[in-house]
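Colleague: the sequence and its predicted three-dimensional model are supplied below.
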Amino acid sequence: MDIFAFVFFPFLFGPFFGFGFLVYFAPTIVALARHKRNTLSIFLLNLFLGWTLIGWIVALVWASTVDVPAPAR
């Protein structure tokens, strides 16, 4: 293996993997930023069904919606 490829591989392809990770988990990041009550559920949906476009969109819409206030008892 060429030393150039061995040394520079992480620097060339690392940002692409990091960017892909951020895009894949964007619904979870949005849910965390908005302090959603169902953040764990959104994360699990994103983790297991985010690879499908429909699962990712559902998770993003769910993370973007406003939580209805819990009724006072």
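Modeller: Structure received.

Colleague: immediately after the one helix or strand F13 maps to, which helix or strand?
Modeller: Of the helices and strands defined by DSSP states H and E, F13 is found in helix 3-24. Tracing the chain past helix 3-24, the next element assigned as helix or strand by DSSP H and E is helix 26-33.

Colleague: name the residues that touch stretch 40-47?
Modeller: Here stretch 40-47 makes contact (C-beta atoms under 8 Å, 6 or more residues apart in numbering) with Y24, F25, P27, T28, A31, K36, G55, W56, V58, A59, W62, A63. The C-beta positions use only the backbone N, C-alpha and C, and glycine is treated the same way.

Colleague: 7 Å instead, please
Modeller: F25, P27, T28, A31, K36, G55, W56, V58, A59, W62, A63 (C-beta atoms under 7 Å, 6 or more residues apart in numbering).

Colleague: quick one: the second one and A63 touch, right?
Modeller: Yep, that's P27 we're talking about. Yes - shown here, P27 and A63 form a contact pair, counting by C-beta atoms under 7 Å, at 4.5 Å.

Colleague: distance between stretch 29-49 and the chain's centre?
Modeller: How far stretch 29-49 lies from its chain's middle: 8 Å, per C-alpha atoms, centre = their mean, to the nearest Å.

Colleague: what's the span of that stretch, first residue to last?
Modeller: The first residue of stretch 29-49 is 16 Å away from its last residue (C-alpha to C-alpha, to the nearest Å).
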